[in-house]
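> how would this look folded up:
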Amino acid sequence: MKMTEFARILETSSFLSLCRGLRQPGDSVFPGRKLRGLKGGEIRTLQKQGNIADNWANVSVIDDFSPLRIYGNFFLGPCILGRFAETTHHAGNADLPSGIFYSTLSNVIVADEALVHRCPLVSRYILDAESCVSASRLEGESSSTFGNGIMINAGIETGGRSVPVFYDLNPRFAEKAARGRAGGLDADELKDFLASYAAAARLPSGYAGKKSKIHGAGLVSASFIGPWVSVEGALRIRGCTLFAEDQARVYAGAGCVLDDTVVRPGCRFDTQAVISRSFFAEASGAQRQAKITESYIGPNSVIAEGEVSSSFVGPFTGFHHQSLLIAAFWPGGKGNVGHGANIGSNHSSRMPDGELWPGEGMFFGLGCNIKYPADYSRAPYTIIATGVTALPQKVEYPFSLITQQELALPEIPSGYNRLVPAWVLKDNFYALWRSREKNLRRGRTPLMRLTTDPLHEGNIALMKEALEMLSSAARKKDIYLPGDIPGTGKNILREEDRAAAAETYAWFIRFAYLRGLFAPKPEGAKAETPADGLAAEYLACLDRLYAMALSSRSKDNERGAKIIPDYAETHAEACGDEYILGMKKYIETEKNRL
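As a prediction, this is how the structure comes out:
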């Protein structure tokens, strides 16, 4: 990355722009307004309303200040107060007028129409216009960067795959940093940039932005609570940046703990999530006692119940049960971690420096165990089946299934599993279509374009390479071992699986070509005239895809009906499944377009 891009971030950041303005808080919070000391009559009114101060001369107010909404407070040190006359705030279950009520304030600025209600201490904080702080303790520091400027070990627990944390971090920048030299970033330039960013973010107090809300928080310490952020019942927020937008608000709720963490718009934290030294990209979050440490969480990814440590988690990743993800470099994201999955064994008993590279869209099944080091980055949308213990390995076959194998042959090493390349394409296409549609619906990241199509150009290229490897066997065998065909990791490959995978990869490569040929062209692009018969072939491919998706979904109905007596009464038929119906509609639209 060139220094000009670093400079652009420093110059155009809306977050840093707000920070710069807050260094002169009088001008920023009260633009064009004059400050003055309290008049004698105002002091007497305040005292009559139960207010006390260590020195009333330390309290400054704006010209049109009124003391009528200030009751029962203790003012310590310099305090600047705005005007409270019109706004009503919703705090807890009550609607309360703006003003300052029954609180202790020290070295604070309270802007126009803000509310401070029953707070044991608000110290070293700027409370901007129409902010609401109730039943909470806020403690700023004389110098804070709010989590910006630190480096986290997101990929290897012991370091070596570090990601810089700053509010304007985007997924592309983060991935480049995590790849180190291979990412193309100059380490010295990055260090200088990060220091400059931290210096620009540094403030001598905490901040609660316009229309922000902090209610029932145990402690909000040295943090930047931006506009439109709601903190309700959080146990602790310390050294953090939470920044939102009107259409992408941030919520930190019941019992959650955030330390030294930076949060972008649209994120949500709830139900006792515990987070430390991490970065959350747009529309991500954590809930249900999730624990996240030293990790980058990509857009639209939500972590629940489980533990994520020292990991780089890409977009649209689902993690909804008690499980472990540690030392994983997963920039492609879009995957799922099942209950009880142990991902994985990064500690060799010598050093916890092992790492895992999952592929885009990987599915880790219930109770699987992943041994390190492992690289599945060239095996996107691969499924690790329930209960599998996967050995340290590199697998290079996309859309595969890795499952336990039952053959007891002397030539098969102990611990090897069965690799079924292209199984997800051939026998589980419904899962791919559902993943595509779910991610389209979940996509709440308007500032960036994230592809949700599993059959994108990069994955088609991996299919072509996999097809070449499957064809490279010197001779046909019933069972192939790693020395026979490259890219199989520590797994066996059966001949029937090899042949079926080769046919499946070839078919999907052809389909991708046809789809590209008939895709809508950008305005002004030169239109090509496809050869005769190709349109009919493409339409036939669409019909086959629909049949494959329907067939894979029907398996669940057939199996369930054999086991559960009233399965047919409690489950929709495959043809009535919402994703099957959506796929049918998509294909009809394509046919009409052509």
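> Mind jotting down where the helices sit in the stretch 401-550 of the chain?
423-427, 429-442, 457-470, 495-518, 534-563 (DSSP state H, counting those that start in this stretch).
> weakest of the ones you listed by average pLDDT?
Ranked by mean pLDDT, the helices of the stretch 401-550 of the chain bottom out at helix 429-442, with a mean of 89.
> tell me what that one is packed against?
helix 423-427, helix 534-563, helix 578-593 (3 or more C-beta pairs under 8 Å, 6 or more residues apart in numbering; DSSP states H and E). (Each C-beta comes from the backbone N, C-alpha and C, glycine too.)
> Recalculate using a threshold of 7 Å.
On a contact count with 3 or more C-beta pairs under 7 Å, 6 or more residues apart in numbering; DSSP states H and E, helix 429-442 meets helix 534-563, helix 578-593.
> What is the subsequent helix or strand relative to the longest one?
What it means is helix 534-563. The helix or strand immediately downstream of helix 534-563 is helix 567-570, counting by DSSP states H and E.
> Could you point out which residue ranges in the stretch 351-500 of the chain have low pLDDT?
Scanning the stretch 351-500 of the chain for pLDDT under 70 picks out the ranges 443-449.
> re the thing from before, for Thr87, which of the helices and strands packed on helix 429-442 is the nearest?
Of all these, helix 578-593 sits nearest to Thr87, with 43.9 Å by C-beta to C-beta.
> residues of the closest one that come out buried?
579-580, 583, 586 (16 or more other C-beta atoms under 10 Å).
> contact partners of that helix?
430, 433-434, 437, 539, 542, 546, 549-550, 553, 574 (C-beta atoms under 7 Å, 6 or more residues apart in numbering).
> Just the closest of those to Ile109, please.
Closest to Ile109, out of all of these and judged by C-beta to C-beta, is Glu437, at 48.4 Å.
> Could you pull up the residues touching that closest one?
By C-beta under 7 Å, 6+ apart, the neighbours of Glu437 are 579, 582.
> Compute the distance between it and Ala549, please.
11 Å (C-beta to C-beta, to the nearest Å).
> before we move on, back to that, and Phe173, which of the helices of the stretch 401-550 of the chain is closest to it?
Here helix 457-470 is closest among these (C-beta to C-beta), at 19.5 Å.
> And for that closest one, what's in contact with it?
378, 380, 396-398, 421, 485-487, 498, 501-502, 505-506, 508-509, 512.
> among these, which ones are buried?
378, 380, 396-398, 421, 485, 487, 498, 501-502, 505-506, 508-509, 512.
> for the stretch 101-250 of the chain, what spans make up the helices?
Under DSSP H, counting those that start in this stretch, the stretch 101-250 of the chain gives helices at 171-178, 187-201.
> For Gly335, find the nearest of those.
helix 171-178 (15.4 Å).
> In PDB, could you pull the C-alpha coordinates for stretch 495-504?
Extracted C-alpha coordinates of stretch 495-504, given in PDB (Å, rounded to 0.1, in the frame of the first residue of the first chain):
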ATOM      1  CA  GLU A 495     -11.700 -44.400  -7.500                       C
ATOM      2  CA  GLU A 496     -15.400 -44.000  -7.700                       C
ATOM      3  CA  ASP A 497     -15.100 -40.700  -5.900                       C
ATOM      4  CA  ARG A 498     -12.300 -39.500  -8.100                       C
ATOM      5  CA  ALA A 499     -14.300 -40.300 -11.300                       C
ATOM      6  CA  ALA A 500     -17.500 -38.700 -10.100                       C
ATOM      7  CA  ALA A 501     -15.600 -35.600  -8.900                       C
ATOM      8  CA  ALA A 502     -13.800 -35.200 -12.300                       C
ATOM      9  CA  GLU A 503     -17.200 -35.300 -14.100                       C
ATOM     10  CA  THR A 504     -18.800 -32.900 -11.600                       C
END
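> Next, the buried residues of it.
Quick answer for stretch 495-504 (16+ other C-beta under 10 Å): 497-498, 500-502, 504.
> which residues sit against it?
Looking at what lies outside stretch 495-504 - C-beta under 7 Å, 6+ apart - the contacts are 420-422, 425-426, 467, 470-471, 476-478, 480.
> same deal with stretch 379-387?
332, 359-368, 376, 390, 395-404, 424, 432, 454, 459, 462.
> Same question for stretch 555-575.
Residues outside stretch 555-575 that contact it (C-beta under 7 Å, 6+ apart): 550, 553-554, 580.
> Would you check which pair of the residues you listed lies furthest apart?
Ser554 and Ile580 (9.4 Å).
> And Gly524, what's its pLDDT?
At Gly524, the pLDDT value in this model is 71.
> What of Gly99?
pLDDT, Gly99: 97.
> and stretch 67-76, how far from the chain's centre?
Put simply, stretch 67-76 sits 42 Å off its chain's centre (C-alpha atoms, centre = their mean, to the nearest Å).
> close enough to count as contact, Thr427 and Arg553?
Quick fix: residue 427 reads Asp, not Thr. No - contact criterion C-beta atoms under 7 Å: Asp427 and Arg553 do not qualify, at 11.3 Å.
> Neighbour count for those two, which is higher?
Taking other C-beta atoms under 10 Å, Asp427 and Arg553 do not tie; Arg553 has more neighbours (23 against 17).
> Hmm, Tyr430 and that one touching each other?
Yes - in this structure, Arg553 is within contact of Tyr430 by C-beta under 7 Å, at 4.4 Å.
> Return the most buried member of the helices of the stretch 101-250 of the chain.
Across the helices of the stretch 101-250 of the chain, averaging neighbours per residue (mean count of other C-beta atoms under 10 Å) puts helix 171-178 on top, at a mean of 20.
> so how far is that one off the chain centroid?
14 Å.
> And stretch 41-61, by the same measure?
The answer for stretch 41-61 is 47 Å, by C-alpha atoms, centre = their mean.
> now stretch 575-592
Using C-alpha atoms, centre = their mean, the offset of stretch 575-592 from its chain centre is 30 Å.
> So that it lines up with my notes, have the first residue be 46 from now on.
Renumbered: residue one is now 46, and that last one reads stretch 620-637.
> Please save the CA atoms from stretch 518-527 in CSV.
Extracted C-alpha coordinates of stretch 518-527, given in CSV (Å, rounded to 0.1, in the frame of the first residue of the first chain):
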residue,chain,number,x,y,z
ALA,A,518,-2.8,-40.3,-11.5
ALA,A,519,-0.3,-42.5,-13.2
ARG,A,520,-2.7,-45.4,-13.1
LYS,A,521,-6.2,-46.2,-11.8
LYS,A,522,-6.4,-47.7,-8.3
ASP,A,523,-9.3,-48.6,-6.1
ILE,A,524,-7.8,-46.5,-3.3
TYR,A,525,-5.5,-43.5,-3.8
LEU,A,526,-3.1,-42.3,-1.1
PRO,A,527,-1.4,-38.9,-0.9
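> Gly284: neighbour count?
Gly284: 23 neighbours (other C-beta under 10 Å).
> Let me know the pLDDT of it.
At Gly284, pLDDT is 98.
> surely it meets Phe269?
No - between Gly284 and Phe269 there is no contact, the gap being 9.5 Å when judged by C-beta under 7 Å.
> Now the common contact residues for these two.
With C-beta under 7 Å, 6+ apart, Gly284 and Phe269 have common neighbours Phe191.
> ok, Gln94 - contacts?
By C-beta under 7 Å, 6+ apart, Gln94 lies in contact with 115-116.
> Actually, Phe364.
Listed by C-beta under 7 Å, 6+ apart, the contact set of Phe364 reads 348-349, 351, 353, 370, 382.
> So which of the residues you listed are in strands?
348-349, 353, 370, 382 (DSSP state E).
> Closest to Asp304 out of the residues you listed?
Nearest member of these to Asp304, counting by C-beta to C-beta, is Val353, at 15.0 Å.
> What is the nearest of the buried residues of helix 623-638 to Glu186?
Nearest member of these to Glu186, counting by C-beta to C-beta, is Tyr624, at 50.6 Å.
> Once you drop chain neighbours, what's closest to the closest one?
Arg479 (4.7 Å; C-beta to C-beta, 6 or more residues apart in numbering).
> and if you look at Phe408?
Nearest one to Phe408, counting by C-beta to C-beta, 6+ apart, is Ile428 at 4.5 Å.
> Right, I'll call it a day here.
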